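**Student:** Next one to model:
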Amino acid sequence: MDYVKENKAAWEEAFEQESPEKFTYSYFRKEPMIDTNGMDYVGGTQYPSKPFYGFLYTFSDLCNALTQNNISVLKLTESNHDVFGMFGHLDGQKIPLSYILIGSKNKSLGCF
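**Tutor:** Okay, the predicted model is just below:
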């Protein structure tokens, strides 16, 4: 196994390196992503860390949570730019990698 694969974060395994448009995990995955590769964001040093558990949320999960909490979406912008630097190999591809959502509490019911 090469260095990149050995030190890959759990999130990076969600896509095939050679075919970034292909997901290796289901978009509807409910099991947590578990990562034990710590990262020093200042120096870029990786190290073994305590397990970090993260979850994937679908866009419908997000919209339903906003609606259930009486938050209206004022603006939503998607981008194919990797703002976290975790999926640099996907930057500029034809898939959304990030979004900016601006919401307001108690304006109206509904996601949009």
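
**Student:** what's the distance between Asp61 and Phe28?
**Tutor:** Distance, Asp61 to Phe28, by Cβ to Cβ, to the nearest Å: 10 Å. Quick note: C-beta positions are derived from backbone N, CA and C, even for glycine.

**Student:** Among the two, which residue is more densely surrounded?
**Tutor:** Taking other Cβ atoms under 10 Å, Asp61 and Phe28 do not tie; Asp61 has more neighbours (12 against 9).

**Student:** What is the strand or helix carrying that one packed up against?
**Tutor:** Asp61 belongs to helix 59-68 when elements are defined using DSSP states H and E. In terms of contacts (3 or more Cβ pairs under 8 Å, 6 or more residues apart in numbering; DSSP states H and E), helix 59-68 is not packed against any helix or strand.

**Student:** Going along the chain from it, find the next helix or strand for me.
**Tutor:** Using DSSP H and E, the helix or strand that directly follows helix 59-68 along the chain is strand 71-79.

**Student:** Adjacent strands (with direction) for that next one?
**Tutor:** Its sheet considered, strand 71-79 pairs with strand 98-105 (antiparallel) by DSSP bridges.
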